[in-house]
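Asker: generate coordinates for the sequence data below:
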Amino acid sequence: MSGTNDMQIFLTYGDIALASSLIIIVLLISWRLRLKLSKTLLIAAFRTIIQLSFIGLILAWIFAREQWYEVLIILTVMTLIAGSAAKNRVKRSYKGLLIDTLLAVGISAILVTAIAIIAILNVEPWYTPQFIIPILGLILGNSLTAISLTSNQLIESFHEQSGRIEMMLSLSAKPFEAVHEQIKAAITNGMTPTLNSMLVVGIVSLPGMMTGQILAGADPTQAVRYQIVTMFLICVSSTLGCTISALLIYRRFFNKKDQFILPQ
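Answerer: Numbering: from 1, shown residues only. So this is what the prediction gives:
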């Protein structure tokens, strides 16, 4: 590791190799407890290095060029991958689930990112990759987790409580009234990780973004301000994403005659 006079630390390939070797501890635990995770851990570690190294090269190239269409391509690919990842985490799939997760992830993340870039940070031009790419990535990563949790629980509850829902419909309940409790519980479940993080941030944990800025030599007060902004952005995006996802899924389980169905 090499440092400068202002205590800014630069990581070398040797430092990365040393950090990578720590995975041996995890492998030993997996072997000793017979967790059967060794193969998965090795693949995950290898993909972490390859994927981050690859994206680092791409970002360095894009940062140097600052072409709006190249930035737009990266943002689109990131959103598509996030939507697909959210869909793949849902146990019970149905035709159209990918579209629903893409809409939920895309609308919530892009809307909140646009507000952050234009109204809060006042970035000029808006497509400056140094700002828009990491902010969208941060929001997408948290939103897809919240959306997948909401989607998974809501679909499961619709299947498991179909009898109760049909009974409420037979008692003249409107479709939304019949599934309101399931929707409320699913959105709450999706928001739980975000809310838990907000409750302990700065006391129990120092988030990755804030830690990275401080390690890179940024002013701690500025790092804190950026973290406060991102926490609220994540909260809003997750809430919007969970709500959109729940409403889209809810409509899939009712036909045009407002009859409850289980989509294939």
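Asker: domain map for the protein?
Answerer: 1-65, 68-252 (automatic domain parsing).
Asker: deepest in the core, which of these is it.
Answerer: domain 68-252 (a mean of 18; mean count of other CB atoms under 10 Å). Every residue, glycine included, has its C-beta placed from N, CA and C.
Asker: for the record, mean pLDDT for that one?
Answerer: Average pLDDT, domain 68-252: 91.
Asker: how near is S148 to L97?
Answerer: Distance, S148 to L97, by CB to CB, to the nearest Å: 11 Å.
Asker: re the thing from before, in JSON lines: the domains of the chain, plus distance to Q259.
Answerer: Shown next, in JSON lines, are the domains of the chain (distance: least, CB to CB, whole Å):
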{"stretch": "domain 1-65", "distance to Q259": "43"}
{"stretch": "domain 68-252", "distance to Q259": "8"}
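Asker: which SSE is immediately downstream of the one helix or strand T150 maps to?
Answerer: Per DSSP states H and E: T150 is located in helix 129-160. Once the chain leaves helix 129-160, the next helix or strand it forms, by DSSP H and E, is helix 162-170.
Asker: which strands and helices sit next to the next helix or strand after that following helix?
Answerer: On the C-terminal side of helix 162-170, the closest following helix or strand by DSSP H and E is helix 175-200. Applying 3 or more CB pairs under 8 Å, 6 or more residues apart in numbering; DSSP states H and E, one finds that helix 175-200 makes contact with helix 129-160, helix 162-170, helix 220-252.
Asker: what's the angle from helix 175-200 to helix 162-170?
Answerer: 130 degrees (axes from the mean of the first three to the mean of the last three CA atoms, to 10 degrees).
Asker: and after helix 175-200, which helix or strand comes next?
Answerer: helix 208-215.
Asker: so what touches that next one?
Answerer: For helix 208-215, contacts defined as CB atoms under 8 Å, 6 or more residues apart in numbering pick out I9, L138, L206, P220, Q222, A223, V224, Y226, Q227, T230.
Asker: how does it look with 6 Å?
Answerer: With contacts defined as CB atoms under 6 Å, 6 or more residues apart in numbering, helix 208-215 is touched by P220, A223, Q227, T230.
Asker: in TSV, list the helices and strands packed on helix 175-200 along with distance to V71.
Answerer: Below are those laid out as TSV (distance: least, CB to CB, whole Å):
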stretch	distance to V71
helix 129-160	5
helix 162-170	45
helix 220-252	19
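Asker: wait, which of those is closest to I43?
Answerer: helix 129-160 (19.9 Å; CB to CB).
Asker: what's the spacing between that closest one and its chain's center?
Answerer: 4 Å (CA atoms, centre = their mean, to the nearest Å).
Asker: so which elements touch that helix?
Answerer: Helix 129-160 sits against helix 68-88, helix 97-115, helix 175-200, helix 220-252, with contacts defined as 3 or more CB pairs under 6 Å, 6 or more residues apart in numbering; DSSP states H and E.
Asker: one more time with 8 Å, if that's ok
Answerer: Using 3+ CB pairs under 8 Å, 6+ apart, helix 129-160 sits against helix 38-65, helix 68-88, helix 97-115, helix 175-200, helix 220-252.
Asker: possible to save those helices as TSV with distance to L121?
Answerer: Shown next, in TSV, are the helices and strands packed on helix 129-160 (distance: least, CB to CB, whole Å):
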stretch	distance to L121
helix 38-65	17
helix 68-88	15
helix 97-115	10
helix 175-200	21
helix 220-252	8
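Asker: looking at those helices, which is nearest to E156?
Answerer: When the helices and strands packed on helix 129-160 are compared by CB to CB, helix 175-200 sits nearest E156, at 8.9 Å.
Asker: who wins for proximity to F260 among the domains of the chain?
Answerer: domain 68-252 (5.4 Å).
Asker: distance of the nearest residue to P220 once chain neighbours are set aside relative to I234?
Answerer: Excluding its sequence neighbours, the residue lying closest to P220 (CB to CB, 6 or more residues apart in numbering) is I214, at 5.8 Å. As judged by CB to CB, I214 and I234 stand 19 Å apart.
Asker: same check, this time on Q130
Answerer: Taken as CB to CB, the span from Q130 to I234 is 19 Å.
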